[in-house]
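Colleague: My questions are about this predicted structure, shown below with the sequence.
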Amino acid sequence: QVQLVEYGGGLVQPGGSLRLSCAISGATVDYYAIGWFRQAPGKKEHEGVYCISSGNGPTYDRDSIQGRFTISRDKAKNTVYLQMNNLKPNDTAVYSCAAGGWCTTYTGMDYWGKGTLVTVSA
């Protein structure tokens with residue numbers, strides 16, 4: 001069974017950085033597409049932030065990220081990372097990773113982690 005666990009959330013000041021980790025078990029890290037999604041406080045929608053395709057496929061990021069975030073994959077640690085720089089208050093959300101056959105919407109993925117809270121505040 002595929003399981004995903006997120007780490008690395010916390011409180012950070014505007015302009016700061018965080019690196020989120022998505023540790024995967026039950027499959028190799030490049031077998032599935034791995035997406036990062038976020039759910040802002042009071043909102044129902046999980047919006048896509050960044051996604052890395054399986055194998056050597058492409059990555060996809062949200063326009064509003066504007067180059068501030070990067071996604072990477074460590075095969076030795078079976079982990080996908082989301083490096084977030086120049087964080088803004090409206091980046092505050094619960095960030096979750098999910099695995100699926102290809103990069104798609106949150107509900108279109110096959111496996112989901114429980115999420116980690118990122119709060120950007122002075």
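Modeller: Here it is on my side, so go on. Numbers count the residues shown, from 1 in each chain.
Colleague: where exactly do the strands run in this protein?
Modeller: For the chain, the strands defined by DSSP state E occupy 3-7, 10-12, 18-25, 33-39, 47-52, 59-61, 69-74, 79-84, 93-100, 111-112, 116-120.
Colleague: Dump those into TSV; add mean neighbour count and mean pLDDT as well.
Modeller: Quick note: C-beta positions are derived from backbone N, CA and C, even for glycine. Below are the strands of the chain laid out as TSV (neighbours: other C-beta atoms under 10 Å; pLDDT from 0 to 100):
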stretch	mean neighbour count	mean pLDDT
strand 3-7	17	97
strand 10-12	13	98
strand 18-25	19	98
strand 33-39	24	97
strand 47-52	22	95
strand 59-61	17	81
strand 69-74	16	94
strand 79-84	22	97
strand 93-100	24	98
strand 111-112	18	98
strand 116-120	18	98
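Colleague: Pick out the residue closest to the middle of the protein.
Modeller: In the chain, the residue lying closest to the centroid (C-alpha atoms, centre = their mean) is residue 36, at 2.4 Å.
Colleague: which residues does that one bridge with?
Modeller: With beta bridges defined as DSSP bridges, residue 36 has these partners: residue 50, residue 97.
Colleague: what sits against it?
Modeller: Shown in contact with residue 36 (C-beta atoms under 8 Å, 6 or more residues apart in numbering): 20, 22, 48-51, 71, 80, 82, 95-97.
Colleague: ok, the closest residue to residue 28 other than its chain neighbours - contacts?
Modeller: Closest residue to residue 28 apart from its sequence neighbours, by C-beta to C-beta, 6 or more residues apart in numbering: residue 78 at 6.6 Å. Counting by C-beta under 8 Å, 6+ apart, residue 78 makes contact with 23-25, 28-29.
Colleague: Let me know the closest of those to residue 107.
Modeller: residue 24 (19.6 Å; C-beta to C-beta).
Colleague: Just confirm that closest one contacts residue 30, I think it does.
Modeller: No - applying C-beta atoms under 8 Å as the test, residue 24 and residue 30 come out as separate, 9.8 Å apart.
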